[in-house]
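Q: Requesting a structural model of the entry that follows:
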Amino acid sequence: MAMFDNKEKTNIEALGEFGLIKHLTDNIELVQPGTIKGVGDDAAVLDTGGKRMLVSTDLLLEGIHFDLAYVPLKHLGYKAIQVNLSDIYAMNGIATQVTVSIGMSSKFPIEAIEELYEGIYIACKKYGVDVVGGDTSASKQGLVISVTSIGYAHAEDVVYRNTAQEGDLICVSGDLGGAYVGLQLLEREKMIYLENPNIQPDLEGKDYIVERQLKPEARKDIVELLKDIEVKPTAMIDVSDGLASEILHICRQSNKGCSIYEEKIPIDPMTFETAREFNLDPTVCALSGGEDYELLFTVRQADYDKIKFKMDISIIGHITEPASGCNLVTRSGNMHEIKAQGWNAFKPKEAE
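A: Just a heads-up that it's a prediction; the model follows:
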């Protein structure tokens, strides 16, 4: 019996990651009164009768999300936790527990898996998170890591993507583009090594951008800072797929437009210089690179005085009416439509 009929099929690449998610989830009907928010934000929001429970899951696949040729297993374990905690912080919550599931092939000795879990436990200890369960399985396709993160926030503190208001200031933590440029550096050194294994990787002086790729840090500190200065963002998301993709999520789900100023986008000098070495535009790296795991959020104009001098927060633009569209104002004053050109997991390698 044939598994599929002969009618014309649609290639997953044509939809892309976000199109596929929308396609698969558009018709979900929520039946539980405790489900406050399902698919469509950084984490689901559940009513537990007290605080809101936040739940998010991420999947990391060898050959798709990471390359063990240059990613140490300890770093990979650490990163697997961080990328999940980031989703909880993007809801203005605090992460409390994770479950970790792995699929592995027989090529991995016990010592290798122990190294992976050492990174997992280091990340959990640093962020005060408990590992409370998971699963293990054999895998024929290499290493698979799935982490589910759980966190909490008071109902009035939860921040969504779809609540930005016209006139709000657009803010971002830290700096952008470093993880993507770090990846380009690691990929280059891998190719040199494959051509001549006698040549050792040359990463001297590039520690920061390599660390941005291999060992990102979720921004729990920003959530705590905003609470300390009594600023509740009007909308928030984490920067996993690039600044452009994330601001478009906020604007489209909030039915608003935006203006972002190129000169205001925070880019570390090492990121800038290394991007130029690769003949890359640093601004494009920040807009489309991804994996920075910073927090992108909007605040009321009335909160400007509270955040304007905070060292690790940059005000990069403002929310506009929807008719204005989503635009980048360049250093020369020209205006360009912002388009999401971030990484697509379903794009064939030869097409990249």
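
Q: C-alpha from now on. contacts and neighbour counts both.
A: Fine.

Q: low-scoring pLDDT stretches of the protein, where are they?
A: 1-43, 342-352 (pLDDT under 70).

Q: Show me the strands in it, by range?
A: 35-37, 44-47, 52-61, 94-104, 130-138, 144-153, 169-173, 235-238, 257-261, 295-299, 313-320, 326-329, 335-337 (DSSP state E).

Q: now for the second one, which elements pack on it?
A: If contacts are counted by 3 or more C-alpha pairs under 8 Å, 6 or more residues apart in numbering; DSSP states H and E, strand 44-47 sits against strand 35-37, strand 52-61.

Q: Near residue 133, how many other residues are there?
A: By other C-alpha atoms under 10 Å, 12 other residues sit near residue 133.

Q: need the contact list for the residue nearest to it when sequence neighbours are not counted.
A: Nearest residue to residue 133 in three dimensions, chain neighbours excluded: residue 99, at 4.6 Å (C-alpha to C-alpha, 6 or more residues apart in numbering). Shown in contact with residue 99 (C-alpha atoms under 8 Å, 6 or more residues apart in numbering): 131-134, 147-149.

Q: can you check residue 305 too?
A: Here residue 305 is in contact with no residues (criterion: C-alpha under 8 Å, 6+ apart).

Q: likewise residue 330?
A: Per C-alpha under 8 Å, 6+ apart, neighbours of residue 330: 261-263, 336.

Q: distance of the closest residue in space to residue 168 that isn't next to it in sequence from residue 265?
A: Distances taken as C-alpha to C-alpha, 6+ apart place residue 300 nearest to residue 168, at 4.8 Å, with adjacent residues excluded. Using C-alpha to C-alpha, to the nearest Å, one gets 19 Å for the distance from residue 300 to residue 265.

Q: the more surrounded of those two?
A: The residue with more neighbours, out of residue 300 and residue 265, is residue 265; 22 against 19, by other C-alpha under 10 Å.

Q: Spatially nearest residue to that one (excluding sequence neighbours)?
A: Closest to residue 265 by C-alpha to C-alpha, 6+ apart is residue 316, at 5.8 Å.

Q: can you pull the contacts of that neighbour?
A: 169-172, 260-262, 264-265.

Q: Number of residues surrounding residue 153?
A: 21.

Q: and the residue nearest to it when sequence neighbours are not counted, how many residues sit next to it?
A: Leaving aside its sequence neighbours, residue 153 sits nearest to residue 93 (C-alpha to C-alpha, 6+ apart; 4.7 Å). Close neighbours of residue 93, defined as other C-alpha under 10 Å, add up to 27.

Q: With residue 287 as the reference, measure out to residue 93.
A: If you go by C-alpha to C-alpha, the gap between residue 93 and residue 287 works out to 26 Å.

Q: One more: residue 49?
A: 40 Å.

Q: Which one's more surrounded, the two?
A: residue 287 (27 against 8).

Q: correct me, but that one touches residue 242?
A: Yes. Counting by C-alpha atoms under 8 Å, residue 242 is a contact partner of residue 287 at 5.1 Å.

Q: Now the residue nearest the centre of the chain. Its backbone dihedrals?
A: Centroid-nearest residue in the chain: residue 240, 1.8 Å away (criterion: C-alpha atoms, centre = their mean). Backbone torsions of residue 240, given as degrees, to the nearest 10, read phi -100, psi -30.

Q: Quick check: the residue nearest to it when sequence neighbours are not counted vs residue 321, distance?
A: Excluding the flanking residues, the one nearest residue 240 by C-alpha to C-alpha, 6+ apart is residue 291, at 4.5 Å. For residue 291, the distance to residue 321 equals 29 Å [C-alpha to C-alpha].

Q: neighbour-wise, which of those two wins?
A: residue 291 (23 against 15).

Q: pretty sure that one is touching residue 243, no?
A: No. Using C-alpha under 8 Å, residue 291 is not in contact with residue 243; the gap is 10.0 Å.

Q: farthest pair in the contacts of residue 330?
A: 263 and 336 (13.9 Å; C-alpha to C-alpha).

Q: Using CSV, lay out the helices and strands packed on strand 44-47 together with mean neighbour count.
A: Formatted as CSV, the helices and strands packed on strand 44-47 follow (neighbours: other C-alpha atoms under 10 Å):
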stretch, mean neighbour count
strand 35-37, 14
strand 52-61, 20
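
Q: Can you add distance to residue 76 and give these back as a markdown table?
A: Output for the helices and strands packed on strand 44-47, formatted as a markdown table (distance: least, C-alpha to C-alpha, whole Å):
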| stretch | distance to residue 76 |
| --- | --- |
| strand 35-37 | 30 |
| strand 52-61 | 10 |
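
Q: Looking at these, spot the one closest to residue 71.
A: Per C-alpha to C-alpha, nearest to residue 71 of the helices and strands packed on strand 44-47: strand 52-61, 12.7 Å.

Q: Each with direction, which strands does that closest one pair with?
A: Take DSSP bridges as the rule and strand 52-61 pairs in its sheet with strand 44-47 (antiparallel), strand 144-153 (antiparallel).

Q: Go through these and pick out the most buried.
A: strand 144-153 (a mean of 23; mean count of other C-alpha atoms under 10 Å).

Q: Using CSV, write out every CA atom in that one.
A: The C-alpha coordinates for strand 144-153 follow below in CSV (Å, rounded to 0.1, in the frame of the first residue of the first chain):
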residue,chain,number,x,y,z
VAL,A,144,20.0,14.6,18.5
ILE,A,145,19.3,16.9,21.5
SER,A,146,15.8,18.0,22.6
VAL,A,147,15.4,20.3,25.6
THR,A,148,12.1,21.5,27.2
SER,A,149,12.4,24.4,29.5
ILE,A,150,9.9,25.4,32.2
GLY,A,151,9.6,28.7,33.9
TYR,A,152,7.2,31.0,35.8
ALA,A,153,6.0,34.6,35.9
